[in-house]
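I would like to see how this sequence folds:
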Amino acid sequence: MRIFITGGSGFIGSHLIPHLLAHGHHVELLTRHPLKAYQKLGHQITTHQQLNDFSDFNGFDAIINLAGEPIANGRWSERKKRRICQSRWKITEHLCELIMASRYPPEVFLSGSAIGYYGDHHTQFIYEDTMAKADDFAYQVCFQWEQIALRASNHTRVCLLRTGLVLGRDGGLMKQLVKPFKCGLGGPIGSGEHYQSWIHIHDMVHAIEYLLTHKTCQGPFNLTAPKPVTNTQLSQSLASHLHRPAFMRVPQFVIQLALGELSEMVLASQRVVPQRLQQAGFTFMFKELDEALTELFQHH
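Model (predicted):
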């Protein structure tokens, strides 16, 4: 397949692209820093510095949209919130315009989203058809992002990637999670009872490839492992794999003071299940958190 990717230099993209290349796909990447992209991903890729270079997407088989300002690193100032929105909405809009301008549009458009779409559901299981229970910033970002992507659905098959916490050795959330534990300051946050839905980077990459190649898949998909855990379970599991204690509970008010509005997302309970992915026949390699962490820490 000839695949065009945005946000490909990020944590997920830098795992996905080598996998796609190894499986014989041709990858073209939108990046402001071609040299860095070549250093990170090798010279098999083709780079483009702006979408304005294209008038349509004729000749491409698939578009994968992973672009977006990181959402969970630091407080949300009004300026940061604008960047989070614009970095997702504008590029998705432009991609849709190019798909719709194509005489021979790509067969599939995979567009990023997140489980922040659903809001806080306490201990309830969340499936793809679960109604969103929020009108907070995370929901607004995801809702609008998805609505824009769906504009292309008369022209191509659209899959929405509602992603959980992606666990990998070299980036994503793992870096932030591990820091306090390594200093002996790890532990649950708030009550620790809120559910967190995670996915191992291996399964994330393979799920994206599965959606690319399975032509009956369309609409929203939860990209999370089948067994979400509470924050306390996550903390205890991390502590045991790092051989560190996990007794430094961080009170909820400290999180709220430190993170402001972002704390709503950090403390939300989201027990998300990848129902549609499993119904479509996808098999997870890492269903249990302990299996995932064992694999990630075996080289430490």
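
hmm, Ala239 is touching Thr232, no?
No. Using C-beta atoms under 8 Å as the test, Ala239 is too far from Thr232 to be in contact (10.6 Å). The way it works is simple: take the backbone N, C-alpha and C, and place the C-beta from them, glycine included.

so which elements touch the longest helix anywhere in the chain?
In terms of residue count, the longest helix belonging to the chain (DSSP state H) is helix 78-100. Using 3 or more C-beta pairs under 8 Å, 6 or more residues apart in numbering; DSSP states H and E, the elements in contact with helix 78-100 are strand 62-65, strand 108-114, helix 137-150.

do you know which of the ones you listed lies nearest Gly187?
helix 137-150 (24.1 Å; C-beta to C-beta).

got the angle for that closest one vs strand 108-114?
Helix 137-150 runs at 170 degrees relative to strand 108-114, counting by axes from the mean of the first three to the mean of the last three C-alpha atoms, to 10 degrees.

chain center to helix 137-150: distance?
Relative to the mean C-alpha coordinate of its chain, helix 137-150 is positioned 14 Å out (C-alpha atoms, centre = their mean, to the nearest Å).

what residues sit buried inside it?
Neighbour-count burial for helix 137-150 flags Phe137, Ala138, Tyr139, Val141, Cys142, Phe143, Trp145, Glu146, Ile148, Ala149, Leu150 (criterion: 16 or more other C-beta atoms under 10 Å).

likewise for stretch 186-193?
Neighbour counts over stretch 186-193 (16+ other C-beta under 10 Å) mark Gly186, Gly187, Pro188, Ile189, Gly190, Gly192 as buried.

so which of these comes closest to Leu211?
Ile189 (32.0 Å).

who's that closest one bridged to?
Taking DSSP bridges as the rule, Ile189 bridges to Val250.

might one say that it is in contact with Ala258?
No. Judged on C-beta under 8 Å, Ile189 makes no contact with Ala258 at a distance of 10.3 Å.

circling back to that earlier point, need the buried residues of stretch 186-193 in CSV with pLDDT and distance to Leu35, can you?
Shown next, in CSV, are these (pLDDT from 0 to 100; distance: C-beta to C-beta, whole Å):
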residue, pLDDT, distance to Leu35
Gly186, 89, 38
Gly187, 92, 42
Pro188, 93, 43
Ile189, 92, 39
Gly190, 92, 43
Gly192, 95, 44
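
now do the SS call for Ile5.
strand (DSSP: H, G, I helix; E, B strand; the rest coil).

Asn58 versus that one, what's the distance?
Using C-beta to C-beta, to the nearest Å, Ile5 is found at 17 Å from Asn58.

out of the two, which sits in the busier spot?
Counted by other C-beta atoms under 10 Å, Ile5 and Asn58 do not tie: Ile5 has more neighbours, with 23 against 13.

for the more buried one, name its beta-bridge partners.
Going by DSSP bridges, Ile5 forms beta bridges with Leu29, Ile64.

and the pLDDT for it?
Looking at Ile5, its pLDDT reads 98.

next SSE downstream of the lowest-mean-pLDDT helix or strand in the chain?
Least confident helix or strand of the chain, by mean pLDDT, DSSP states H and E, is strand 171 with a mean of 78. Helices and strands here follow DSSP states H and E; after strand 171, the next one along the chain is helix 172-182.

please enumerate residues in contact with that next one?
11-12, 72-73, 165-168, 186-187, 201, 234, 238-239, 242, 244, 246, 248, 296 (C-beta atoms under 8 Å, 6 or more residues apart in numbering).

one step back: can you lay out the buried residues of stretch 186-193 as CSV showing distance to Ile91?
CSV is the format used below for the buried residues of stretch 186-193 (distance: C-beta to C-beta, whole Å):
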residue, distance to Ile91
Gly186, 36
Gly187, 38
Pro188, 36
Ile189, 32
Gly190, 34
Gly192, 37
